[in-house]
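Asks: need coordinates for the following:
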Amino acid sequence: MFIGSLNHDQQAYFLAVAKKLIAADGIIDEREAQAFDVLVAQCAPGVEPAEDVTAVSVEALFDDRASRVACLLELVGIALADDAYDASERAIIQELAGTFDLSHALIEDMENWVSRQMTLVHEAQQMMLEG
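Replies: Residues are numbered from 1 along each chain as shown. Here you go, the predicted model:
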C-alpha cells in the first residue's frame, strides 16, 4: 500500500529487511511469502533486495518521517500476515523504529492500524464469498 511512496534505494532496503523479518521466527509461512510477493510487485521495475543492509546509513536513506512510517507500516503488515507476531519479528521492527527515532506509542498505533486493516480485508473477502 505504501511501498510505492519509497524511492528505489528505500525499496531495495525494505525488501532486504522484509526477507529477514519473514525468516526471523524460523518459519516461512505461505501468507508471509505472498505478502512479500505482493510488495515486490508494487516496487519500481528492477528493484531487488539490497545485498548488504549493514552498510547502509538507514537514517540518511529514510530521511523523512513519511518514508520511515511507510517502511514500518509495510513491515508490520508482513509480520502480521501469518497471524503470529513473533517476538523476533517484533524485535526487528522495534530496532528499526529506534533507529528511525519513532516512539513506541507510534509503533503500537501502527500495529493496531495494520491489524484493523487486515480484519477489514478479511471481512471484504467473506462478503465476496457469501452468496
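Asks: and the spatially most central residue of the chain, what element?
Replies: The centre of the chain sits closest to L75, judged by Cα atoms, centre = their mean, with a distance of 1.5 Å. Using DSSP states H and E, L75 sits within helix 65-80.
Asks: now find how far off-centre that helix is within its chain.
Replies: 4 Å (Cα atoms, centre = their mean, to the nearest Å).
Asks: what does that helix rub up against?
Replies: 1-3, 5-7, 10, 13-14, 17-18, 21-22, 32, 35-36, 39, 62, 85-86, 89-90, 92-93, 96-97, 100, 102, 106-107, 110-111, 113-115, 117-118 (Cβ atoms under 8 Å, 6 or more residues apart in numbering). For glycine as for every other residue, the C-beta is placed from the backbone atoms N, C-alpha and C.
Asks: hmm, 6 Å instead?
Replies: Outside helix 65-80, the residues within contact range by Cβ atoms under 6 Å, 6 or more residues apart in numbering are 2-3, 5-6, 10, 14, 18, 21, 32, 35, 62, 85, 89, 93, 100, 110-111, 114.
Asks: now the residues you listed: which count as buried?
Replies: Buried by 16 or more other Cβ atoms under 10 Å: 2-3, 6, 10, 14, 18, 21, 32, 35, 62, 85, 89, 93, 100, 110-111, 114, out of the contacts of helix 65-80.
Asks: from F2, how far out is the residue lying closest to V76 once chain neighbours are set aside?
Replies: Of all residues not flanking V76 in the chain, V114 sits nearest, at 4.6 Å (Cβ to Cβ, 6 or more residues apart in numbering). Distance, V114 to F2, by Cβ to Cβ, to the nearest Å: 11 Å.
Asks: mind listing the strands for this protein?
Replies: Taking DSSP state E as the criterion, the chain carries no strands.
Asks: so where is this protein shaky, pLDDT-wise?
Replies: 55, 131 (pLDDT under 70).
Asks: just the helices in it please.
Replies: With DSSP state H as the criterion, the chain has helices at 8-23, 30-42, 58-61, 65-80, 87-99, 104-129.
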